[in-house]
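Sequence and predicted structure, then a few things I'm wondering about:
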Amino acid sequence: MPAEARHPTDPSGTLEYSCYGMTATLTSRRGEQEGVVELTSGRTIVHVSLEEVGGRTQIGSSRRQSEVAHGGAHASLVPAGVSAWEWFGPITLHRRLMIQFDLSSAPGLVRSNLEKSGPRWMTEDPAILQCSARLAHALEVGTHGRRFVSAIALAMIARFAELGSTFAVGGLSRERLRKAQDFLIGNLSADVMMSELAQRVGLSESHFVRAFKASTGLPPYRWQLKLRIDKAKSLILDGVALADVAAATGFASQSHLTRVFHDITGATPAEWRRIHRHDKPLASFASEKNWVS
């Protein structure tokens, strides 16, 4: 039976909603310092990092930071009782969504999908991230009913069940993925040739692009483009002029940056800066697109 839904907001930037054996908590934090937090729980948890500006977070089964890089937004499934830790370095802005499932009161379909799912760390699967963004938006606007919210959560759980608990079939090895991502990060403002990147990891170009997408959910160019936008956000929050932001992040001009930034976030750089400088606790960019083409 559904639990009573709640939608409180507090000045610290936290929203919470409970229904059908699920509790979803959306938080927005600024200026977090480096730290490690244990996530191990008696409940199954879906942890989603929605937006990271000026820093990075990681989730895993160890207190140690992993060497595997990622593109900012990521989602993890932590079954009840499984050891899990969140590591975060100094970070300017961090928006996260955490969903806890009480299997004793969750619907049968949710329980069956969760029972099929092992731990999954930091997936960048576009379907899961898109569902997460829509769920975050539903919490922010506060106008959607319990069935709508629970349906999105169920879709996320079903997708986790499809993915399983290992690296994607046909994906890159950890070593090759780290090598490719490190190169893309190190050449963030450059137009990286896929043929050169594939050669660096010892694969044909077509094989490499397919395997990279299988591992991250995005083709290499789109993955790097998302990191460029993340860096642009950090510079924008620091008050850097937009023309200089464009130059520092590899865009041909300020108008080019504005067009791509709007396509990805749903806001222009000026709008994004204005919203975040006004310290709104949970500025919503739930329309962010997951470019998979």
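In hand now; what should we look at?

Once you drop chain neighbours, what's closest to the spatially most central residue of the chain?
Geometric centre of the chain, nearest residue: A73, 2.0 Å, by Cα atoms, centre = their mean. Computed as Cβ to Cβ, 6 or more residues apart in numbering, the closest residue to A73 that is not its neighbour in sequence is L129, at 5.3 Å. Using the backbone N, CA and C atoms, a C-beta is placed for each residue, glycine as well.

returning to that earlier point: give me the distance between the residue nearest to the centre of the chain and S189.
Distance of A73 to S189, given as Cβ to Cβ, to the nearest Å: 21 Å.

now do R274
From R274 to S189 the distance is 25 Å (Cβ to Cβ).

go on, S49?
On the measure of Cβ to Cβ, S49 and S189 end up 24 Å apart.

One more: E196?
When E196 is compared with S189 (using Cβ to Cβ), they lie 16 Å apart.

Which positions in stretch 85-95 come out as buried?
W85, E86, W87, F88, I91, T92, L93, H94, R95 (16 or more other Cβ atoms under 10 Å).

How about stretch 103-118?
Buried-residue list, stretch 103-118, by 16+ other Cβ under 10 Å: A106, V110, R111, N113, L114, S117.

List just the nearest of those to Q181.
S117 (25.1 Å; Cβ to Cβ).

follow-up on the earlier one: okay, S49 and S189: which has more neighbours?
S49 (25 against 13; other Cβ atoms under 10 Å).

Spit out the contact partners of that one.
Neighbour list for S49: T57, I59, G72, A73, H74, A75, H94, R95, R96 [criterion: Cβ atoms under 8 Å, 6 or more residues apart in numbering].

Now do the fifth one against R210, distance only.
When you say that, I think you mean H74. 21 Å.

Neighbour count: the two, which is higher?
H74 (25 against 16).

ok, the more buried one touching I59?
Yes - contact criterion Cβ atoms under 8 Å: H74 and I59 qualify, at 7.3 Å.

So for those two, which residues contact both of them?
Residues touching both H74 and I59 (Cβ under 8 Å, 6+ apart) are S49, M122.

Which parts of the stretch 1-150 of the chain are strands?
For the stretch 1-150 of the chain, the strands defined by DSSP state E, counting those that start in this stretch occupy 9-10, 14-19, 22-32, 35-38, 44-53, 57-60, 74-78, 85-88, 91-101, 120-123.

Would you mind checking the average pLDDT for the shortest one?
By that I understand strand 9-10. What strand 9-10 shows for mean pLDDT is 36.

Repeat that for stretch 48-63.
82.

returning to that earlier point: burial count for the residue nearest to A73?
23.

how near is it to V201?
With Cβ to Cβ as the criterion, L129 and V201 are 24 Å apart.

Verify the stated contact: P107 with G21.
Yes - assessed by Cβ under 8 Å, P107 is found in contact with G21 at 7.1 Å.

if I look at P90, how far off is S28?
16 Å.

same question but for H94, I mixed them up
7 Å.

check which helix or strand covers Q181.
helix 174-186 (DSSP states H and E).

which secondary structure elements does that helix contact?
helix 194-200, helix 205-216, helix 220-237 (3 or more Cβ pairs under 8 Å, 6 or more residues apart in numbering; DSSP states H and E).

quick one: low-confidence parts of the chain?
1-12, 63-71, 116, 164-170, 277-293 (pLDDT under 70).

what sits against the residue nearest to the centre of the chain?
Applying Cβ under 8 Å, 6+ apart, the residues contacting A73 are V48, S49, L50, E51, E52, E124, L129, S132, K226.

ok, the third one - contacts?
Read it as L50. A73, R95, R96, L97, S132, A133, A136.

I'd like to know how far the nearest residue to it once chain neighbours are set aside sits from G142.
If the residues on either side of it in the chain are set aside, L50 comes closest to R95, at 4.3 Å by Cβ to Cβ, 6+ apart. From R95 across to G142, the span is 17 Å (Cβ to Cβ).

Right, I'll call it a day here.
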